[in-house]
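Peer 1: Output the structure for:
(2 chains)
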There are 2 protein chains.
Amino acid sequence: MLIRDVTPDDWPLIWPFLHRICAEGETFSYPTDMAEEQGRAYWLLDAPGRTVVAVEGGAVLGTAKMNPNQMGNAAHVSSASFMVDPAHSGQGVGRALCAEALRWAGEQGYRGMQFNAVVASNTPAVRLYTSLGFRVIGTVPEGFRHPRLGYVGLHIMYREL
Amino acid sequence: MLIRDVTPDDWPLIWPFLHRICAEGETFSYPTDMAEEQGRAYWLLDAPGRTVVAVEGGAVLGTAKMNPNQMGNAAHVSSASFMVDPAHSGQGVGRALCAEALRWAGEQGYRGMQFNAVVASNTPAVRLYTSLGFRVIGTVPEGFRHPRLGYVGLHIMYREL
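Peer 2: The predicted structure follows:
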């Protein structure tokens, strides 16, 4: 598996699973009926942000975007989001993408990384982030309406860099 | 004091104090060197967001914007931001704007209101929000670089509606 900066040619390989993950509506606070152009605008970031893909043998296994979480005098904290093709889950793709985001953020001089909206019922994500040094610093009660589970908490997670 | 929806004619009366508050860099995570057009784009919201002004005798005393805090299955939590002209601080303008944001969010069917970045050293704001039913649900440690105080916490505050 190679992680590298995204190119325009990668988008047609990202959109099918990004679209599916958004449409399922269980893990992301993106519109469940998101249009492709909207998805592209949200996901493919220009500097100071960055978008990468995890690729193997011509397939895109997953993707990550990373960016300052706020502007101005709060721009020293980064954020990141990760999408792994469900066909390639359980293979360490999310972990590799998160590790790369942390490496990049440290290199860029950020002092921390914050996730603003980790769905509390997304146990694999919470476990992964925790194992990489993140902690839940707060939870919006009933901040997410899960299509099967109903209202669940929405965690804010953070770690220093 | 009247609180009403913003009109394009209000902007020239908003920008001077919005610009000053951003340039001081003590309370907002906007660029401290924000250009006017960028400020206008950030502050004047189209539906489903809303921007209002507090006016009295032809003067704009303060302004608020309100909006969904996230999209998709997290869009039932609102957010809001408030700027009061320092020349009119201590006159209840911020309280009136926040009360109007809460009224509007309830009317729109939101289930809660979340502030993502309340500078911990901004005691008047923390006190005001607390008095209106908000609580700190988490704090990003050293999430804000105050120009005089150095790194201070950045609170996430929330209340149900």
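
Peer 1: hmm, what's the outermost residue in chain A?
Peer 2: Of all residues in chain A, residue A:73 has its C-alpha farthest from the mean position, at 23.4 Å, by C-alpha atoms, centre = their mean.

Peer 1: I figured it hits residue B:146, correct?
Peer 2: Yes. Using C-beta atoms under 8 Å, residue A:73 is in contact with residue B:146, at 6.9 Å. In this view, the C-beta of every residue, glycine as well, is placed from N, C-alpha and C.

Peer 1: Can you name the residues that contact residue A:126?
Peer 2: Going by C-beta atoms under 8 Å, 6 or more residues apart in numbering or on different chains, residue A:126 touches A:118, A:120, A:136, A:155, A:157.

Peer 1: Tell me the secondary structure of it, please.
Peer 2: helix (DSSP: H, G, I helix; E, B strand; the rest coil).

Peer 1: One more: residue A:109?
Peer 2: Going by three-state DSSP: residue A:109 is coil.

Peer 1: State the pLDDT value of it.
Peer 2: On pLDDT, residue A:109 comes in at 98.

Peer 1: Need the nearest residue in space to residue A:34, chain neighbours excluded.
Peer 2: Distance criterion C-beta to C-beta, 6 or more residues apart in numbering or on different chains; nearest residue to residue A:34, sequence neighbours excluded, is residue A:22 at 5.0 Å.

Peer 1: so that neighbour makes contact with residue A:36?
Peer 2: No. Residue A:22 is beyond contact range of residue A:36, at 10.7 Å (criterion: C-beta under 8 Å).

Peer 1: between those two, who's got more neighbours?
Peer 2: residue A:22 (24 against 12; other C-beta atoms under 10 Å in any protein chain shown).

Peer 1: check contacts around that one.
Peer 2: A:28, A:30, A:31, A:32, A:34, A:39, B:72.

Peer 1: TSV for those, including secondary structure and pLDDT?
Peer 2: Below are those laid out as TSV (DSSP: H, G, I helix; E, B strand; the rest coil; pLDDT from 0 to 100):
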residue	secondary structure	pLDDT
A:28	coil	96
A:30	coil	96
A:31	coil	96
A:32	coil	96
A:34	coil	96
A:39	helix	97
B:72	helix	97
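
Peer 1: Please produce a ChimeraX select command covering the buried subset of those residues.
Peer 2: Per 16 or more other C-beta atoms under 10 Å in any protein chain shown, the buried members of those correspond to this ChimeraX selection:
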select /A:28,30,31,34,39 /B:72
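
Peer 1: ok, which stretches of chain A are helices?
Peer 2: Per DSSP state H, chain A carries helices over the ranges A:11-24, A:36-43, A:93-107, A:123-131.

Peer 1: nearest residue to residue A:69 other than its sequence neighbours?
Peer 2: residue A:79 (3.8 Å).

Peer 1: go on, residue A:64?
Peer 2: Per C-beta to C-beta, 6+ apart, closest to residue A:64 is residue A:97, 4.1 Å.

Peer 1: next one: residue A:149
Peer 2: In this structure, residue A:149 finds its nearest non-sequential neighbour in residue A:121, 5.5 Å apart by C-beta to C-beta, 6+ apart.

Peer 1: ok, now which ones touch that neighbour?
Peer 2: A:26, A:144, A:146, A:149, A:152.

Peer 1: was I right about the second one contacting residue A:119?
Peer 2: Okay, so that is residue A:144. Yes. Taking contacts as C-beta under 8 Å, residue A:144 lies within contact range of residue A:119: 4.9 Å.

Peer 1: Common neighbours of these two, please.
Peer 2: What both residue A:144 and residue A:119 touch, as defined by C-beta under 8 Å, 6+ apart, is the set A:152, A:154.

Peer 1: more crowded one of the two?
Peer 2: Using other C-beta under 10 Å as the criterion, residue A:144 and residue A:119 rank with residue A:144 on top: 29 against 23.

Peer 1: and chain A, which of its residues are near chain B?
Peer 2: A:22, A:25, A:28-32, A:34, A:70-77, A:111-112, A:114, A:116-117, A:136-147, A:154, A:156, A:158, A:160 (C-beta under 8 Å from any C-beta of the partner chain).

Peer 1: Filter those down to the buried ones.
Peer 2: A:22, A:25, A:28-31, A:34, A:70-77, A:111-112, A:114, A:116-117, A:136-140, A:142-146, A:154, A:156, A:158.

Peer 1: list residues touching both of residue A:73 and residue B:146?
Peer 2: What both residue A:73 and residue B:146 touch, as defined by C-beta under 8 Å, 6+ apart, is the set residue B:25.

Peer 1: Return the set of residues that bridge with whichever residue of chain A sits closest to chain B.
Peer 2: Nearest residue of chain A to chain B, counting by C-beta to the nearest C-beta: residue A:138, 1.9 Å away. Using DSSP bridges, the beta-bridge partners of residue A:138 come out as residue A:156.
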